[in-house]
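> quick one: sequence and predicted model below, then my questions.
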Amino acid sequence: MREVVVIGAGLHRYGFFPEKTSVDLGTEAISRALQDAGMAWADIEAAYCGTLQPGVSGGHAICNRLGFTSLGITNVENASASGSSAFREAYLSVASGENDVVLAFGVDSISAQLQLKRPEPGPSGPENPAAPGSKPSLNEGEPGKGERVESKFKKVSPVQFFADLAHHHMKEYGVTREQLGLVSVKSHHNASLNPHAHFQKPCTLEQANSARMVADPLTVLHCCPWDDGAAAVIVCAKEKAGRYTDKPCPTVAASVNRSTPPDGDFFNTLTRLAAREAYDKAGIGPEDLDLVELHDAFTIEEIIYLESLGLCETGQGGKLVQDGVTAITGKHPVNTSGGLISMGHPVGPTGVGQVAEILWQMRGQCGARQIPRPVNWALAHMVGAGGVCVVHLFRK
């Protein structure tokens, strides 16, 4: 397998843009990625598009707008991990020697495709377009105890599932509402420094925890929006990157895609197993991570994935946030982009946008949200309903 680097990235801001089509969003992100990489459209040999919404051959319509070059185009759907999966396919295409320069991009235009009016930001998502709480609660039973996790997840809305998970961690491990709220505060602070983010205003702890309740203890500021956006990154064989740019190009040190494990837990166990495999492939441990971009559709997810990724012991994720370890200035900065909660979760672009943030952080191009010390190792993590977890590791 050849070494593969990330050579360029581009985004269209996440938010609501009913006047734009997925083609408009996607072409803008790709054009910016080409400019960042010092490439022309004709240099791209293959493309993988992560998407849920644009319909049949959605990725083709976007690529065709940029010009007919006979490149191979593949559309990838893998729930919330669609963009992450598209990036993995692009990486494998170059690592195998099939191609030298490959585009991975993600796009979804929810408001345009569904002809929605500008909605109030809330937790509705592609796996839960209905109103939260429309199905019965799991009460305080821990997802994964007794009944299998995937069975319980199917019986309630995602927000109710994670609300119940939050209650369990509050009861079992002492996670507090303050710690949940601090995830939101950190997320909104980071997003306020990110021109590509959906939400660009910071919030206080009081605002986060006193906002409209969606499913106790999760308020609307504890939940990600479902929005529009596009993200694109270009990967290249390491030995050929110098033809296009003299900018630093991070190496893809590991890429792992795994589905539901035997115990049925496609959140904690699946993330733990996928991360462990990625660490083994890269020859590092979680203690080496200088940046983590992880799936945080709800605040409790950041706390539990900190544990599953091995950054702390089980039950200590909330304390990690409270102690400032996950802040931009902390030992293990998490979601410097603003994460799903504040940057947004357009679904198709989300995982690709994580890679873009890692590239720019490793290059020192993130301005006010730049991590103040070298970013030598970074991890991107996404999960998706149905049972998928994708983890990428990058080395400067």
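Yep, it's here.
> tell me where the stretch 251-396 of the chain has helices.
Assigned by DSSP state H, counting those that start in this stretch, the stretch 251-396 of the chain shows helices spanning 268-282, 299-308, 317-322, 339-342, 350-363.
> closest one to residue 233 among these?
Nearest to residue 233 among these is helix 350-363 (4.9 Å), distances taken as CB to CB. From N, CA and C alone the C-beta is placed, and that goes for glycine too.
> run the chain-centre distance for the closest one.
10 Å (CA atoms, centre = their mean, to the nearest Å).
> now do stretch 261-273
With CA atoms, centre = their mean, you get 18 Å for stretch 261-273.
> what's the closest of the helices of the stretch 251-396 of the chain to residue 51?
helix 350-363 (10.4 Å).
> list every C-alpha atom in that closest one, with coordinates, as PDB.
C-alpha atoms of helix 350-363 as PDB (Å, rounded to 0.1, in the frame of the first residue of the first chain):
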ATOM      1  CA  THR A 350     -19.900  16.100   7.800                       C
ATOM      2  CA  GLY A 351     -17.100  13.500   7.800                       C
ATOM      3  CA  VAL A 352     -15.300  15.200   4.900                       C
ATOM      4  CA  GLY A 353     -15.500  18.500   6.700                       C
ATOM      5  CA  GLN A 354     -13.700  16.800   9.700                       C
ATOM      6  CA  VAL A 355     -10.800  16.000   7.400                       C
ATOM      7  CA  ALA A 356     -10.600  19.500   6.100                       C
ATOM      8  CA  GLU A 357     -10.400  20.900   9.700                       C
ATOM      9  CA  ILE A 358      -7.600  18.400  10.400                       C
ATOM     10  CA  LEU A 359      -5.700  19.500   7.300                       C
ATOM     11  CA  TRP A 360      -5.900  23.200   8.100                       C
ATOM     12  CA  GLN A 361      -5.100  22.700  11.800                       C
ATOM     13  CA  MET A 362      -2.000  20.700  10.800                       C
ATOM     14  CA  ARG A 363      -1.000  23.500   8.400                       C
END
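> pull out the buried positions in stretch 4-22.
For stretch 4-22, burial by neighbour count (16 or more other CB atoms under 10 Å) applies to 4-18, 20-22.
> state the next helix or strand along the chain beyond the longest strand seen in the chain.
Longest strand of the chain, by residue count under DSSP state E: strand 4-15. Downstream of strand 4-15, the next assigned helix or strand under DSSP states H and E is helix 22-37.
> in that following helix, what counts as buried?
For helix 22-37, by 16+ other CB under 10 Å, it's 22-30, 32-34, 36-37.
> could you give the mean pLDDT of the helix or strand that it is followed by?
Where DSSP H and E defines the elements, the next helix or strand beyond helix 22-37 is strand 46-50. Averaging pLDDT along strand 46-50 yields 98.
> so which elements touch strand 46-50?
Here strand 46-50 touches helix 58-66, strand 72-76, helix 82-95, strand 101-108, going by 3 or more CB pairs under 8 Å, 6 or more residues apart in numbering; DSSP states H and E.
> ok, 6 Å please
In terms of contacts (3 or more CB pairs under 6 Å, 6 or more residues apart in numbering; DSSP states H and E), strand 46-50 is packed against strand 72-76, helix 82-95, strand 101-108.
> who does that strand pair up with?
Strands that pair with strand 46-50, judged by DSSP bridges, come out as strand 72-76 (parallel), strand 101-108 (parallel).
> tilt between the shortest one and helix 82-95?
Strand 72-76 and helix 82-95 meet at an angle of 150 degrees, taking axes from the mean of the first three to the mean of the last three CA atoms, to 10 degrees as the criterion.
> off-centre distance for strand 72-76?
Per CA atoms, centre = their mean, the centroid offset for strand 72-76 relative to its chain is 20 Å.
> just the buried positions in that strand, please.
Buried residues in strand 72-76, counting neighbours by 16+ other CB under 10 Å, are found at 73, 75, 76.
> got the phi/psi numbers for residue 386?
Residue 386 adopts backbone torsions of phi 100, psi -20, taken as degrees, to the nearest 10.
> burial count for the closest residue to it other than its chain neighbours?
Closest residue to residue 386 apart from its sequence neighbours, by CB to CB, 6 or more residues apart in numbering: residue 79 at 5.3 Å. Close neighbours of residue 79, defined as other CB atoms under 10 Å, add up to 18.
> repeat for residue 96
Residue 96 is flanked by 11 other residues according to other CB under 10 Å.
> confidence score at it?
For residue 96, the predicted pLDDT is 98.
> tell me which stretches of the stretch 101-250 of the chain form strands.
101-108, 213-215, 218-219, 228-237 (DSSP state E, counting those that start in this stretch).
> which of those sits closest to residue 284?
Of the strands of the stretch 101-250 of the chain, nearest to residue 284 by CB to CB is strand 228-237, at 20.4 Å.
> contacts for that closest one?
2, 4-12, 14, 16-17, 25-26, 29-30, 33, 37, 90-91, 94, 100-107, 109-111, 346, 349, 352-353, 355-356 (CB atoms under 6 Å, 6 or more residues apart in numbering).
> partner strands of that strand and their direction?
strand 4-15 (antiparallel), strand 101-108 (antiparallel).
> can you list those strands in CSV and add distance to residue 253 and mean pLDDT?
Shown next, in CSV, are those (distance: least, CB to CB, whole Å; pLDDT from 0 to 100):
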stretch, distance to residue 253, mean pLDDT
strand 4-15, 10, 98
strand 101-108, 17, 97
